[in-house]
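In: I would like the atomic coordinates for the input below:
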Amino acid sequence: MGIDRRSFIAFVVGGTVGVVCSPIPWKLLDDISIWSQNWPWIPKLKYGQRSKVSSVCKLCNGGCGLDVHKVGKRPVTVQGGVEHPLSKGGICPLGACGVRLLYRPARIKGPLKVTNGKPSPISWDEAKQILVERLKGKKVGCISGDETGTASEVLAGLIAKLGSNDFYFMPTDSQSAGFTWKKMNGQGQLGFDLENSDYVLALGADLLSSWGNVVRNQKAFAERKGSWVYAGPHQLTTGASVDKWIPVYPGQEGVLALGIAYYLLQAGKTAGIDNFSEVKDYVLAKYTPVTVEAKTGVRASKVKELAKELLQAKSPLVLIGSEANQGSGSFEWASCILVNLLLGNFNQKGGLVALPEVQVISDAPSRLQLSQNVLANFLSQVAGGQKQVDTLLVYEANPLYALPKATQVEQAWAKVGFKVSFSTFLDETALQSDLILPSAYFLERYDDVYTPFGCANSIYSIGAPVLKPITDSKSIPDFILNVAKQVGVDLGYSSFEDVLKAKAQKLGADFDKLVEGEAYVGQEKVAQTGLSLNPEVLGNGLQPESEGLFFAPLVKNYYGNLQQALTPTQVVVIPDTELKNKYVYVQINSSTARKLKLKSEDKVKLQGSGAECVAKVHITETVMNDVILMPLGFGHSAWDEYVKGKGDNALKVLNVVEEKGSGLKVWTRSQVKVVRA
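Out: Coordinates of the predicted model:
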């Protein structure tokens, strides 16, 4: 017997009604629901009393205050510290991941000894014994990625007492500024009073994305008292928000500064440096409007207009920096300092300031002294065999990823006798070390921040442990204090907490209040005498350019940074015009694309420094002519599945040159060749 369409529909509907009306499926669903809730792998809600504690973020050198929200003993989220002078309730995309990174898959679970390339778990006692043997009577060096924390002071003190001066910070604009300032006979740490300036001119310093404490900069920008102007190669970040964008070729910001100085000198301005007449004659003779326009791409009339606006402002401020916050030289910083001295704003409200330093570990060099130790020079000497290092300690730094001229870095690494990585995460450097000792995450340990670079006042913050370590990790400063005793070195303290108490006392701050989230803010400035400026350093802006496109790394804080890789949470927010599948996208404008005969989605190779990067092309008019931008923060070979193998590392193609008159290694003036892949 057949069945027609009407009979079929009646059959189906009737069957459905019968099933719905029957108690059997509902009973089964109820049983399944109860059964599934007993599966052991189903996440369970944590119940407990809600609370809030204060901490300080150590995911970069910015040192923002954090409010950590907890349920019971477990932290569940963070927000910017509302009362903290640097964050004022704000937080960056990386800091917002502060709690989630506790559970990042790349965390090192416990101490590891590497033999023939194979890591094996060991105990902390075994690790201590190995390290003690590697320090006794050895030539020891150290690289730190923490330029604001007292943990580096503990390590620097140990290195000094072992008879070595080979302690180095990872290169940053802060290091270049300190290096230059000391060469000028300056004292203290330079800072910039953004909050009280009525005219801020940022030369290459990507204030709202990568330079200094970005959250603090953003707050100052939101509350600005006047105009903010950005001079740089693109309009993708800071240039898109400020009052005025001035396109200038990357690496030529110092030339622009001296172009402005030319007009200030013509207006009769003077600077308080001993050899002022010599410097004045040099600038007026060498940095003429024609020269500056040719080097920077900025018309002479525009340079003159900038100088006029600075002269008309009551509290003008000029600051300089690099897109990647590293690789700048003394030329840039001497030029910037000179312009501010000509404007008469030194140690004035809204101007350039010098802030005091504070030390509590005897024999540990000051931060300004350590800025004279150039990591790139050290690695070059090790690679070339001029310097021997038996044991190298690396604290919260990733030099095998975060430095240009990768071949030389790898050569130096191979010549070091024994490498120890103190890292929270399994990064490229940890993966290539002989001893891997997991540092407790910043929420699991005592840590501190003293005066992040760029601050207008001395600021000191302390973070206490928010929870116990969830892995077999330790506070590395405490571990080092213990190791120091074993090798016969007395650093003066038995615990890192005691070190921080001593620093608070020296500043006249209340330790308990600091732990509760109240930051110390000092008003003292350091007066200067006997400043001088070497004109040979200023001559670096006159060097001829090489062939190729001007190259600028593009930095956005949702990429992570050179210390902390792109987080699993932030992968999803990166647009397809920056990273898609395994390819990173370089940014050029349509005029440059026509010159290179390229179109969107073309695959290209960027060649420089004997290496190359592979990328795809995105065309955008927010980049100036003859400039190519490449996102910085990709191309990892370690960490975890969220970042490993995604894109390429822009640092590989940067050209490193030695700066005349200073000896600094510089790579902000790089140019690259672009060919179709």
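In: list the buried residues in stretch 286-299.
Out: Neighbour counts using 16 or more other Cβ atoms under 10 Å place 286, 287, 291, 292, 293, 295, 296, 297, 298 of stretch 286-299 among the buried residues. To be clear about C-beta, it is placed using only N, CA and C from the backbone, and glycine gets the same treatment.
In: correction: stretch 328-342
Out: Buried residues in stretch 328-342, counted by 16+ other Cβ under 10 Å: 328-342.
In: again, but for stretch 93-110
Out: 93-99, 101-102, 104, 106-108.
In: now stretch 232-242
Out: 232, 233, 234, 235, 236, 237, 238, 239, 242.
In: who's in contact with residue 310?
Out: Contact analysis of residue 310 by Cβ atoms under 8 Å, 6 or more residues apart in numbering lists 199, 201, 260, 264, 316, 318, 339, 343.
In: just read off the phi/psi values of it.
Out: Per-residue torsions, residue 310: phi -70, psi -40 (degrees, to the nearest 10).
In: with distance to residue 540, pLDDT and secondary structure added, can I get the buried residues of stretch 286-299 in JSON lines?
Out: Output for the buried residues of stretch 286-299, formatted as JSON lines (distance: Cβ to Cβ, whole Å; pLDDT from 0 to 100; DSSP: H, G, I helix; E, B strand; the rest coil):
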{"residue": "286", "distance to residue 540": "11", "pLDDT": "98", "secondary structure": "helix"}
{"residue": "287", "distance to residue 540": "12", "pLDDT": "98", "secondary structure": "coil"}
{"residue": "291", "distance to residue 540": "14", "pLDDT": "98", "secondary structure": "helix"}
{"residue": "292", "distance to residue 540": "14", "pLDDT": "98", "secondary structure": "helix"}
{"residue": "293", "distance to residue 540": "18", "pLDDT": "98", "secondary structure": "helix"}
{"residue": "295", "distance to residue 540": "12", "pLDDT": "97", "secondary structure": "helix"}
{"residue": "296", "distance to residue 540": "14", "pLDDT": "97", "secondary structure": "helix"}
{"residue": "297", "distance to residue 540": "18", "pLDDT": "96", "secondary structure": "coil"}
{"residue": "298", "distance to residue 540": "18", "pLDDT": "98", "secondary structure": "coil"}
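In: quick one: which of those is nearest residue 552?
Out: Of all the buried residues of stretch 286-299, residue 552 sits closest to residue 297, with 12.9 Å by Cβ to Cβ.
In: please name the residues that touch the residue nearest to the closest one when sequence neighbours are not counted.
Out: With Cβ to Cβ, 6 or more residues apart in numbering as the criterion, residue 297 has its nearest non-adjacent residue at 5.1 Å, and that residue is residue 249. When the contact criterion is Cβ under 8 Å, 6+ apart, the partners of residue 249 are 233, 295, 296, 297, 550, 624, 626, 627.
In: can I take it that residue 249 is in a helix?
Out: No. Counting by DSSP: H, G, I helix; E, B strand; the rest coil, residue 249 is not part of a helix but coil.
In: any idea how far it lies from residue 551?
Out: Distance of residue 249 to residue 551, given as Cβ to Cβ, to the nearest Å: 10 Å.
In: tell me, how many residues neighbour the closest residue to residue 525 other than its chain neighbours?
Out: Among residues not flanking residue 525 along the chain, residue 347 sits closest, at 4.5 Å (Cβ to Cβ, 6+ apart). Using other Cβ atoms under 10 Å, residue 347 has 16 other residues around it.
In: wait, residue 347 sits on residue 353?
Out: Yes. Between residue 347 and residue 353 there is a contact under Cβ atoms under 8 Å: 5.4 Å.
In: between these two, which contacts overlap?
Out: residue 525.
In: returning to that earlier point: and the contacts of residue 310, which of them are in strands?
Out: Under the assignment DSSP state E, the contacts of residue 310 contribute 199, 201, 316, 318 to strands.
In: where neighbours are concerned, which of the residues you listed has the most?
Out: In terms of neighbours by other Cβ under 10 Å, those top out with residue 318 at 31 neighbours.
In: how near is it to residue 197?
Out: For residue 318, the distance to residue 197 - Cβ to Cβ - is 10 Å.
In: wait, what's in contact with residue 478?
Out: 495, 496.
In: which residues sit in contact with residue 155?
Out: Going by Cβ under 8 Å, 6+ apart, residue 155 touches 142, 144, 167, 393, 395, 477, 480.
In: most surrounded residue in these?
Out: residue 477 (30 neighbours).
In: separation between that residue and residue 451?
Out: 19 Å.
In: give the next helix or strand downstream of the helix or strand residue 335 falls within.
Out: For residue 335, the host element (DSSP states H and E) is helix 330-343. Sequence-wise, the next helix or strand downstream of helix 330-343 (DSSP H and E) is strand 352-355.
In: pretty sure residue 652 is in a helix, no?
Out: Yes. The assignment for residue 652, made by three-state DSSP, places it in a helix.
In: ok, now which ones touch it?
Out: Shown in contact with residue 652 (Cβ under 8 Å, 6+ apart): 404, 406, 609, 611, 612, 613, 635.
In: neighbour-wise, give me the winner out of those residues.
Out: In terms of neighbours by other Cβ under 10 Å, the contacts of residue 652 top out with residue 404 at 25 neighbours.
In: relative to residue 209, how far out is the residue nearest to residue 557 when sequence neighbours are not counted?
Out: Closest residue in space to residue 557, ignoring its immediate chain neighbours: residue 92 at 4.9 Å, by Cβ to Cβ, 6+ apart. Look at residue 92 and residue 209: by Cβ to Cβ, they are 9 Å apart.
In: overlap in contacts of the two?
Out: If you check residue 92 and residue 209 against Cβ under 8 Å, 6+ apart, the residues they both contact are residue 557.
In: so residue 604: helix, strand or coil?
Out: For residue 604, the secondary-structure state derived from three-state DSSP is strand.
In: and it, how far is that from residue 214?
Out: In terms of Cβ to Cβ, residue 604 sits 30 Å off from residue 214.
In: just residue 530 next, same as before
Out: 35 Å.
In: if you count surrounding residues, which of those two has more?
Out: residue 214 (25 against 11).
In: contact partners for that one?
Out: The contact partners of residue 214, taken as Cβ under 8 Å, 6+ apart, are 62, 92, 207, 208, 557.
In: so what's the fourth one up against?
Out: With Cβ under 8 Å, 6+ apart as the criterion, the residues that contact residue 208 are 214, 217, 218, 221, 237, 238, 241, 242.
In: and what of the last one?
Out: Contact partners of residue 557, counting by Cβ under 8 Å, 6+ apart, are 92, 93, 94, 209, 210, 214.
In: on the three-state scheme, residue 607 is what?
Out: strand.
In: go on, the one 10 residues further on?
Out: Three-state secondary structure (criterion: three-state DSSP) places residue 617 in strand.
In: and it, how far from residue 84?
Out: Taking Cβ to Cβ, one finds residue 617 at 42 Å from residue 84.
In: who has more neighbours out of the two?
Out: Ranked by neighbour count (other Cβ under 10 Å), residue 617 and residue 84 place residue 84 first, with 25 against 22.
In: tell me how far that one lies from residue 543.
Out: 43 Å.
In: let's see which of the contacts of residue 557 end up in helices.
Out: Counted as lying in helices by DSSP state H, out of the contacts of residue 557, are residue 214.
In: gap between the strand or helix carrying residue 280 and the chain center?
Out: Applying DSSP H and E as the criterion places residue 280 in helix 276-286. Going by Cα atoms, centre = their mean, to the nearest Å, the spacing between the C-alpha centre of helix 276-286 and its chain's C-alpha centre is 35 Å.
In: which strands or helices does that helix pack on?
Out: Packed against helix 276-286 by the contact rule (3 or more Cβ pairs under 8 Å, 6 or more residues apart in numbering; DSSP states H and E) you find helix 253-266, helix 535-538.
In: start to end distance for stretch 257-277?
Out: Using Cα to Cα, to the nearest Å, one end of stretch 257-277 lies 18 Å from the other.
In: give me the number of residues near residue 130?
Out: If you count neighbours by other Cβ under 10 Å, residue 130 ends up with 18.
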